[in-house]
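> Predicted model follows, preceded by the sequence.
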Amino acid sequence: MKSSRTTNRTLLGAAAAAMTLSLAACGTTHAKHHSSIVKTAPSPHPVTASNRTIWLLAYSHFNQVVSNSKVLQLFERGTVYEPITSRQTANTLHNIIPTADFHSAALLAQKIASPPFLRSVGAIIYDNERYANTPQIEQLNPLHYYTEVSHLAKDHHLTSICDFIQPDRLPASERNPSNEVPNCSIIGLNTVQQSERNPQTYLAVVSRAVRTIRSVEPSVPIIAGISANPRGAPVTAAELTTDMRIVAPLVNGFWLNVPAPGVGCPSCHEPDPNLLQQALANLPASFTTG
């Protein structure tokens, strides 16, 4: 991904020294970007030559969701990122990109030094969350670590997928668009999932985030979060279908989640992949994004 921004980059050094990164010594320093602000967002940059919709769905529920022929057709026309673990093998769809998901930049740096790991994946997710899965020092400095990860991925010819940084995670003096947009290959909008019960609210939240991202990175692919099991009251398949249809012109695809109760979502209900399958199957056969 091309970018006009410059960063105060902390070189990661050789892969063999990955575990000795200066990750714990960055304090509260944030890597800076510099970009001319664009007031109106241009058309999204094509993800591929055919402008395929991006779908991101983890291995744990992948086969169940795509067992519906309509969903399978959607995925076959798109570009699909499937997060897997070292013990899992990605689906055999021709357009699958095996993906590794990390909540810790330090662990990512350790894994990426392994040739077998590099041979097994084509993309990495760095999901810096305000939960115990992400080290405290990384939680306090999300932009710094997103920048480190994006450079590490680029050095190893991997696609990097990072979440949009919520302003309240930055010091008040640094809350501006160029500090909220990670310098990654694909930008995710996971926090918008909490708005999906009301499609108009979901549209407003996604629109605000997209305007911010486009003002810094006019052509970066953006994937909006869709959860079949967000915190709080249950959602319906009809709500998720409407959410996807209403924001489709603004984004390049969707980050699909079927979370289970756990550290990252202690108030989640039991996962329901069938609900996500139904929401996707309800989309028109001609559905596309961006």
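That came through fine.
> burial of the nearest residue to residue 65 once chain neighbours are set aside, as a residue count?
Spatial nearest neighbour of residue 65, excluding adjacent residues (Cβ to Cβ, 6 or more residues apart in numbering): residue 277 at 4.7 Å. The way it works is simple: take the backbone N, C-alpha and C, and place the C-beta from them, glycine included. Number of residues near residue 277 (other Cβ atoms under 10 Å) recorded here: 21.
> residues making contact with the host helix or strand of residue 277?
Counting by DSSP states H and E, the element that carries residue 277 is helix 273-281. The contact list for helix 273-281 (Cβ atoms under 8 Å, 6 or more residues apart in numbering) reads 61, 64-68, 70-71, 74, 226, 228-229, 235-238, 240-241, 244, 256, 258.
> May I see the PyMOL selection of the buried members of those residues?
Entered in PyMOL, the line below selects the buried ones among the contacts of helix 273-281, by 16 or more other Cβ atoms under 10 Å:
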select buried, resi 61+65+66+70+71+74+226+228+229+235+237+240+241+244+256+258
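> burial of the nearest residue to residue 247 once chain neighbours are set aside, as a residue count?
Spatial nearest neighbour of residue 247, excluding adjacent residues (Cβ to Cβ, 6+ apart): residue 206 at 4.7 Å. By the measure other Cβ under 10 Å, the count of residues near residue 206 is 22.
> and residue 206, that's in a helix?
Yes. Counting by DSSP: H, G, I helix; E, B strand; the rest coil, residue 206 is part of a helix.
> pLDDT score for it?
Looking at residue 206, its pLDDT reads 98.
> That one and residue 174, how far apart?
To residue 174, residue 206 is 23 Å away according to Cβ to Cβ, to the nearest Å.
> SS state for the closest residue in space to residue 198 that isn't next to it in sequence?
Residue nearest to residue 198 in three dimensions, not counting chain neighbours: residue 239, with 8.0 Å by Cβ to Cβ, 6+ apart. Secondary structure assignment for residue 239 (three-state DSSP): helix.
> Make sure residue 239 is actually in contact with residue 193.
No. Using Cβ atoms under 8 Å, residue 239 is not in contact with residue 193, being 11.4 Å away.
> When these two are compared, which one has more neighbours?
More crowded of residue 239 and residue 193, by other Cβ under 10 Å: residue 193, with 24 against 18.
> Roughly how far does the more buried one sit from residue 231?
Distance from residue 193 to residue 231, counting by Cβ to Cβ: 9 Å.
> Backbone torsions only: list them for residue 218.
Residue 218 adopts backbone torsions of phi -60, psi -20, taken as degrees, to the nearest 10.
> Oh, that last question was meant for residue 200, not what I typed.
Backbone dihedrals for residue 200, given as degrees, to the nearest 10, come out at phi -70, psi -40.
> so where do the helices sit in the stretch 51-200 of the chain?
In the stretch 51-200 of the chain, the helices defined using DSSP state H, counting those that start in this stretch lie at 59-65, 69-76, 105-112, 115-120, 136-140, 142-155, 177-180, 199-216.
> residue ranges of the strands in this protein, please?
Shown for the chain, the strands assigned by DSSP state E span residues 54-56, 79-83, 96-102, 123-126, 159-163, 186-189, 222-227, 253-257.
> now the ones you listed in TSV, with distance to residue 144 and mean pLDDT?
Below are these laid out as TSV (distance: least, Cβ to Cβ, whole Å; pLDDT from 0 to 100):
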stretch	distance to residue 144	mean pLDDT
strand 54-56	24	98
strand 79-83	24	96
strand 96-102	15	96
strand 123-126	12	97
strand 159-163	12	97
strand 186-189	17	97
strand 222-227	22	97
strand 253-257	23	97
